[in-house]
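**Q** Need coordinates for the following:
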Amino acid sequence: MAEENQAAGENQTPNAQFHVQRIYVKDISFESPNPVAMFNKEWKPEIKLDIDTKTDKVNDTLFEVVLSVTVTATLGEETAFLCEVQQAGLFTIIDMPDQNKAHTLGSFCPNMLFPYAREAVSNMVNRGTFPPLNLAPVNFDAIFAAYMQKRAQQAQGEETPQKLDA
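**A** Next comes the predicted model:
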């Protein structure tokens, strides 16, 4: 049992630190190209949700993570509204192994930012006087795992020599 605890401890850095420095809106936009026409139609929109994250290293221990959320509501061929939010955060990470740091920046931080972005989208849609829009929770762990798997497959594909047809 002691060997298991020791082995588990080898993957962790006892001095690892994570701190939220600031959470803020970096960019926000709401467009409704033709609201009068939309208000006179039956409200059964098609909602498209696009989510993206970006991480910038500010210095050795400070990272900015930006969660971009774009919601497009269409009725037929017409756009009812387009809502875009870039919710950002500054996070300090000290003495964390690279694999853990990648997961923290790629999954944990976006998971912290999403409720803020979700509230901003809901607020803007409400101010546009459209029916309420509440975005469902997002599984950032699954998104990050899929991203890492794709990167691993791409790296493996680059290492495999390709045969040329003669």
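**Q** Which parts of this protein are strands?
**A** Secondary structure of the chain (DSSP state E): strands at 17-31, 46-57, 62-75, 78-94.
**Q** closest to Ile143 out of those strands?
**A** Of all these, strand 46-57 sits nearest to Ile143, with 7.7 Å by Cβ to Cβ. All C-beta spots, glycine's among them, are computed from the backbone N, C-alpha and C.
**Q** For the closest one, which helices and strands make contact with it?
**A** When contacts are defined as 3 or more Cβ pairs under 8 Å, 6 or more residues apart in numbering; DSSP states H and E, strand 46-57 sits against strand 62-75, helix 109-127.
**Q** Out of the strands of the chain, which is closest to Phe108?
**A** The closest of the strands of the chain to Phe108 is strand 17-31. By Cβ to Cβ, the value is 8.1 Å.
**Q** In TSV, list the strands of the chain along with distance to Asn126, mean neighbour count and mean pLDDT.
**A** Converted to TSV, the strands of the chain look like this (distance: least, Cβ to Cβ, whole Å; neighbours: other Cβ atoms under 10 Å; pLDDT from 0 to 100):
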stretch	distance to Asn126	mean neighbour count	mean pLDDT
strand 17-31	10	13	97
strand 46-57	15	13	96
strand 62-75	13	19	97
strand 78-94	11	20	97
